[in-house]
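Participant: coords please:
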Amino acid sequence: MHDSAFRERRRMRPVEWRAGRIIGYRLRFNLDGRPRGKAAPANICPDPNAEVWGVMYRITRRELLRLDSTEGVPGRGYRPACLIAEDIDGNQLPVVAYSAVGKPADGTPTLRYMTLLREGARAHGLPAHWLHYLDSVAHGT
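Facilitator: Next comes the predicted model:
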């Protein structure tokens, strides 16, 4: 996630952050965004042959509740899942990740959305193969 979305818009102040991955999940763009039909937010879905890279933030319980509310939890949309992630050094950590029931086919994320994902990934030192993958995702305008 790009710092502007996490720190500025959501007013989060993480105590720590680490680059990491969740094995057994893959990145999808199979949700309806706004405007409907013209945006496709990120989602993670189980896939035993995949991994998804991102940033793990250590936040307070109060901030977790705020994050839940910005992601529509509880209610429709994303659901939190307690998973085990691996940081870039191979250390395993418990994490909360958000996923949702998505459509069977992926949509097209906007250029703005993909730019936030790509810039956030670069700023946090995600691996080159993941940056290449994000750069390969087709986007709209």
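
Participant: From here on, just use CA atoms for contacts and neighbour counts.
Facilitator: Fine.

Participant: What pairs with the longest strand seen in the chain, parallel or antiparallel?
Facilitator: In the chain, ranked by residue count with DSSP state E as the criterion, the top strand is strand 43-58. Looking at strand 43-58 with DSSP bridges, its paired strands and their directions are strand 16-28 (antiparallel).

Participant: beta partners for residue 97?
Facilitator: Assessed by DSSP bridges, residue 97 has beta-bridge partners residue 81.

Participant: okay, now it: neighbour count?
Facilitator: Counted with other Cα atoms under 10 Å, the burial measure for residue 97 works out to 17 neighbours.

Participant: need the strands for the chain, in chain order.
Facilitator: 16-28, 43-58, 79-87, 92-99.

Participant: right, and those strands - which one's nearest residue 119?
Facilitator: When those are ranked by distance to residue 119, counting by Cα to Cα, first place goes to strand 43-58 at 11.8 Å.

Participant: Contacts made by that closest one with the rest, please.
Facilitator: Strand 43-58 is touched from outside by 1, 14-31, 95, 98-100, 102, 121, 124, 126, 130, with contacts defined as Cα atoms under 8 Å, 6 or more residues apart in numbering.

Participant: repeat that with 7 Å
Facilitator: Counting by Cα atoms under 7 Å, 6 or more residues apart in numbering, the neighbours of strand 43-58 from elsewhere in the structure are 1, 14-30, 99-100, 121, 130.

Participant: What subset of the residues you listed is buried?
Facilitator: Those of the contacts of strand 43-58 that meet the buried threshold are 1, 18-23, 25-30, 99-100, 121, 130, by 16 or more other Cα atoms under 10 Å.

Participant: hmm, back to that, could the strands of the chain go into JSON lines alongside distance to residue 68 and mean pLDDT?
Facilitator: Listed next are the strands of the chain as JSON lines, based on distance: least, Cα to Cα, whole Å; pLDDT from 0 to 100:
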{"stretch": "strand 16-28", "distance to residue 68": "18", "mean pLDDT": "96"}
{"stretch": "strand 43-58", "distance to residue 68": "14", "mean pLDDT": "96"}
{"stretch": "strand 79-87", "distance to residue 68": "8", "mean pLDDT": "94"}
{"stretch": "strand 92-99", "distance to residue 68": "9", "mean pLDDT": "94"}
